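Q: Predicted coordinates and the sequence they were generated for:
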Amino acid sequence: QVQLVESGGGLVQAGGSLRLSCAASGRTFNNYAMAWFRQAPGKEREFVAAITWNGGRLHYAHSVNGRFTISRDNAKNTVYLQMNSLNPDDTAVYYCATANSFATRQYDYDYWGQGTQVTVSS
C-alpha cells in the first residue's frame, strides 16, 4: 500500500521560509512523478509544483514561481518543497501526491498524503 507522509509545516511570519518533506513508501519511488498541491480555506485545491521521476523536468504554478523549489532524493524516497519569501496568500494545507507520469492536474495523481498546515502571518 502506498503511503505519503508530509512534514515541515508550521507558522511563519511573512517573508520567512519553510521546507516541506514528503516521505513515500509502498511503491518504487523513483519510477513516479511527484507533486505538491495546496488548499486554502474556502478554496479549491490547486497545483503548486511537480517534478519528474529523475528531477529532469520541473513545473511551478505562476503564483509560486521564483519563490518555491521542488526537489527529490530518490535514495531517501522523499520529495521536498522549499518555500521562500512566504506571504499570507500561501497559507494552506499542503499535500504531496504521486502519479504515473508528469502532470499538473490533481486528477492525474492517484495517491495523496494527509497534508501539512502552513500558516503565514502578516
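A: Here it is on my side, so go on.
Q: center of this structure - which residue?
A: What sits nearest the mean C-alpha location of the chain, by CA atoms, centre = their mean, is residue 36, with 2.4 Å.
Q: What separation do you get for that one and residue 122?
A: According to CB to CB, to the nearest Å, residue 36 stands 23 Å off from residue 122. For the C-beta atoms, the positions are set from N, CA and C on the backbone; glycine is no exception.
Q: quick one on the thing from earlier: now do the contacts for the nearest residue to the residue nearest to the centre of the chain once chain neighbours are set aside.
A: Nearest residue to residue 36, sequence neighbours excluded (CB to CB, 6 or more residues apart in numbering): residue 48, at 4.2 Å. Taking CB atoms under 8 Å, 6 or more residues apart in numbering, we find residue 48 in contact with 35, 36, 37, 38, 60, 61, 64, 68, 81, 94.
Q: any idea which element residue 48 lies in?
A: According to DSSP states H and E, residue 48 maps onto strand 46-51.
Q: Repeat that for residue 5.
A: Assignment of secondary structure by DSSP H and E places residue 5 within strand 3-7.
Q: what's the next secondary structure element after that strand?
A: Using DSSP H and E, the next helix or strand after strand 3-7 towards the C-terminus is strand 10-13.
Q: Against which helices or strands is that following strand packed?
A: On a contact count with 3 or more CB pairs under 8 Å, 6 or more residues apart in numbering; DSSP states H and E, strand 10-13 meets strand 116-121.
Q: which of the residues in the strand it packs on are buried?
A: By 16 or more other CB atoms under 10 Å, the buried positions in strand 116-121 come out as 116, 118, 120.
Q: between those residues, which is nearest residue 88?
A: Nearest to residue 88 among the buried residues of strand 116-121 is residue 120, at 5.0 Å by CB to CB.
Q: Any idea what that closest one is bridged to?
A: Per DSSP bridges, the residues bridged to residue 120 are residue 12.
Q: Could I get the contacting residues of it?
A: 11, 12, 13, 14, 16, 86, 87, 88, 89, 90, 91.
Q: taking the mean pLDDT, what do you get for stretch 31-44?
A: Stretch 31-44 carries an average pLDDT of 96.
Q: Sort out which residues of that stretch are buried, please.
A: For stretch 31-44, by 16+ other CB under 10 Å, it's 32, 33, 34, 35, 36, 37, 38.
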